[in-house]
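Q: Dropping a prediction and its sequence here:
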Amino acid sequence: MMGSSMYGYGIWGLLLNILLILAIVWVTVTLLNRSGSGSSGDNERLARVEKDVEDIKKMVEDIKEKLDEI
């Protein structure tokens, strides 16, 4: 059983396994990109995240000022 792979023996089996993995990765990436394209929800979500980040920065600065007073 040495040198055996899922689809055969030797270099051809190895190449076939690599091609199969690349095909699965390509299909997955394509489907993920297609599902995320053209949706305005992503833009709204991004705007909310940016607003939250700004709020968090402000809170951190306030906490830092209070700690400096103490």
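A: Good, I have the coordinates.
Q: just the helices in this protein please.
A: Using DSSP state H, the helices of the chain run over 10-36, 40-69.
Q: Present these as TSV; the columns should include mean neighbour count.
A: Yep, even glycine has a C-beta here, placed from its N, CA and C like the rest. Shown next, in TSV, are those (neighbours: other C-beta atoms under 10 Å):
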stretch	mean neighbour count
helix 10-36	11
helix 40-69	10
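Q: Let me have the ones you listed in TSV, adding mean pLDDT as columns.
A: TSV is the format used below for those (pLDDT from 0 to 100):
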stretch	mean pLDDT
helix 10-36	83
helix 40-69	86
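Q: How much space separates Ala23 from Thr30?
A: 11 Å (C-beta to C-beta, to the nearest Å).
Q: ugh, wrong one, I meant Leu14
A: 25 Å.
Q: And for Leu15?
A: Leu15 is 22 Å from Thr30, by C-beta to C-beta.
Q: again with Leu20
A: 16 Å.
Q: Over to Ile11?
A: 28 Å.
Q: and if you look at Arg48?
A: 28 Å.
Q: Domain map for the chain?
A: The record's domain split for the chain, according to automatic domain parsing, is 1-37, 40-70.
Q: Alpha carbons of stretch 10-29, as CSV, please.
A: Extracted as CSV, the C-alpha positions of stretch 10-29 are listed here (Å, rounded to 0.1, in the frame of the first residue of the first chain):
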residue,chain,number,x,y,z
GLY,A,10,2.2,7.6,-8.1
ILE,A,11,2.3,11.1,-9.5
TRP,A,12,-0.9,10.9,-11.4
GLY,A,13,-2.9,10.2,-8.3
LEU,A,14,-1.2,13.0,-6.5
LEU,A,15,-1.9,15.5,-9.3
LEU,A,16,-5.5,14.4,-9.5
ASN,A,17,-5.9,14.9,-5.7
ILE,A,18,-4.4,18.4,-6.0
LEU,A,19,-6.7,19.3,-8.9
LEU,A,20,-9.7,18.1,-7.0
ILE,A,21,-8.7,20.2,-3.9
LEU,A,22,-8.2,23.3,-6.1
ALA,A,23,-11.5,22.8,-7.8
ILE,A,24,-13.3,22.6,-4.5
VAL,A,25,-11.5,25.7,-3.2
TRP,A,26,-12.4,27.6,-6.5
VAL,A,27,-16.1,26.7,-6.3
THR,A,28,-16.2,27.7,-2.6
VAL,A,29,-14.6,31.1,-3.3
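Q: Kind regards, and thank you for your time.
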